[in-house]
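**Q** below are the sequence and a predicted model for it; my questions follow.
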Amino acid sequence: MAYINVSVYVPQAATNINVDLVFPTDGLLVDGRHEVKGVITLLHGLYGSGRDWIQLSAASRYAYDRGYILVCPSCGNSFYNNMAYGPPMYDIVVEHLPKQLDMIFKIPRDRDRNYIAGLSMGGYGAMRIGLLNPDRYAAIGSFSGALNAAAGIRAAAGTPYQNFFAPIFGDNLAVPDDADLLKIIPKAAAREGALKQRILVTCGRQDEADYQIHTQNQTFISAAGKAALDVTYREWDGVHVWNVWDRSLVEFIGFIENSDYAADERKNWTEDAV
């Protein structure tokens, strides 16, 4: 396994983006494979960075075990939007950064081997980017995602986080239609054939502090169900912490593979594992 940290200059935005990458192909993998099975772009949460996935979870081991490249960009507190007062982070993640990385690394770009997921703010970013770009990603994962931006803004009122949203959405704190997941859902649900995507949403049942994340997820799942969007939802006891997100990534890998990987990995976490 190879870990690489690179600072990529994005001329279209006149800024540098720090990216952490994991490549599983520098040695013989556990099951004898050498080829890359796919690419998972992992988005970080509020006040985080791409390196969080490397340092605070077992993402690198999971990627090595299963043959995935991980691409973990550091995007600040942007909510992965083109910010009102800041860089055009949506355009950077969707358009500019992949082109720059292509000039440095050989990373598969075919849709059937590309997946995007994220935690908290990154769960929102992954869902929005994924749903708006069905030709890029075969599957989307949101782990404790802030999936109702307007509700998040309301929940932040009167807290230290209340000034966080103005640089993203502007002083009037209006969430545009193409950034409101509840308004994107019906259009995504209407897609057919090759543009249909597999979506996994996970959340801890007790994740309500500050942003009412569990409630936001319930609202999203309800709207997705009414629109007949194909979403799988899984929850278990937990709050807004890394043991939830680490397990979520395992669940996501098993989900995109249609394999028993997640169930097998969970056995290793129990005291009676063989």
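**A** Good, I have the coordinates.
**Q** may I have stretch 111-121 as PDB, with CA atoms only?
**A** Coordinates of each C-alpha in stretch 111-121 appear next as PDB, following Å, rounded to 0.1, in the frame of the first residue of the first chain:
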ATOM      1  CA  ARG A 111     -18.100   5.700 -13.900                       C
ATOM      2  CA  ASP A 112     -18.600   2.000 -12.900                       C
ATOM      3  CA  ARG A 113     -15.500   2.100 -10.800                       C
ATOM      4  CA  ASN A 114     -16.000   5.500  -9.100                       C
ATOM      5  CA  TYR A 115     -17.800   6.100  -5.800                       C
ATOM      6  CA  ILE A 116     -18.100   9.100  -3.500                       C
ATOM      7  CA  ALA A 117     -18.900   9.200   0.200                       C
ATOM      8  CA  GLY A 118     -18.400  11.500   3.100                       C
ATOM      9  CA  LEU A 119     -19.100  12.200   6.800                       C
ATOM     10  CA  SER A 120     -21.200  15.000   8.200                       C
ATOM     11  CA  MET A 121     -20.600  18.100   6.000                       C
END
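**Q** buried residues of that stretch, list them for me.
**A** Buried residues in stretch 111-121, defined by neighbour count with 16 or more other Cβ atoms under 10 Å: 111, 113, 114, 115, 116, 117, 118, 119, 120, 121. To be clear about C-beta, it is placed using only N, CA and C from the backbone, and glycine gets the same treatment.
**Q** want to throw those residues into JSON lines with distance to residue 129, pLDDT and secondary structure?
**A** Formatted as JSON lines, the buried residues of stretch 111-121 follow (distance: Cβ to Cβ, whole Å; pLDDT from 0 to 100; DSSP: H, G, I helix; E, B strand; the rest coil):
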{"residue": "111", "distance to residue 129": "13", "pLDDT": "95", "secondary structure": "helix"}
{"residue": "113", "distance to residue 129": "17", "pLDDT": "95", "secondary structure": "helix"}
{"residue": "114", "distance to residue 129": "11", "pLDDT": "97", "secondary structure": "strand"}
{"residue": "115", "distance to residue 129": "11", "pLDDT": "98", "secondary structure": "strand"}
{"residue": "116", "distance to residue 129": "6", "pLDDT": "98", "secondary structure": "strand"}
{"residue": "117", "distance to residue 129": "10", "pLDDT": "98", "secondary structure": "strand"}
{"residue": "118", "distance to residue 129": "9", "pLDDT": "98", "secondary structure": "strand"}
{"residue": "119", "distance to residue 129": "14", "pLDDT": "98", "secondary structure": "strand"}
{"residue": "120", "distance to residue 129": "15", "pLDDT": "96", "secondary structure": "coil"}
{"residue": "121", "distance to residue 129": "12", "pLDDT": "96", "secondary structure": "helix"}
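**Q** kindly indicate which of those residues lies nearest residue 175.
**A** Checking these against residue 175 with Cβ to Cβ, the nearest one is residue 121 at 13.8 Å.
**Q** contacts only, for the closest one.
**A** Residues in contact with residue 121 (Cβ atoms under 8 Å, 6 or more residues apart in numbering) are 43, 44, 45, 46, 48, 77, 79, 80, 146.
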